[in-house]
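Novice: Got a sequence here, can you build the structure:
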Amino acid sequence: MSKEKVLEVFRKEAKPLRPGDIAEITGLDKNDVSKFIKELKTDEKIYSPKRCFYQAK
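Specialist: Sure thing, here's the model as predicted:
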């Protein structure tokens, strides 16, 4: 599942990333990445340390 792929990148990088960074690393569409980030935030698996950046908990 692509949502798990996105979470894996957050855990591997261990630094705040933008949706565009994730899209570039994974090859996924930026809109899809944004959707997965929203779902991961709802699941409380990632958080936003600053505006437009996200990181795994």
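
Novice: for this structure, what are the low-confidence residue spans?
Specialist: For the chain, applying pLDDT under 70 flags no range at all.

Novice: Let me see the ranges of the helices in it.
Specialist: 2-13, 19-26, 30-42 (DSSP state H).

Novice: Let me have those helices in JSON lines, extended by distance to Ala56 and mean neighbour count.
Specialist: Quick note: C-beta positions are derived from backbone N, CA and C, even for glycine. Output for the helices of the chain, formatted as JSON lines (distance: least, Cβ to Cβ, whole Å; neighbours: other Cβ atoms under 10 Å):
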{"stretch": "helix 2-13", "distance to Ala56": "4", "mean neighbour count": "16"}
{"stretch": "helix 19-26", "distance to Ala56": "11", "mean neighbour count": "17"}
{"stretch": "helix 30-42", "distance to Ala56": "9", "mean neighbour count": "16"}
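
Novice: so what's Pro19 up against?
Specialist: 30, 33-34, 37, 52, 54 (Cβ atoms under 8 Å, 6 or more residues apart in numbering).
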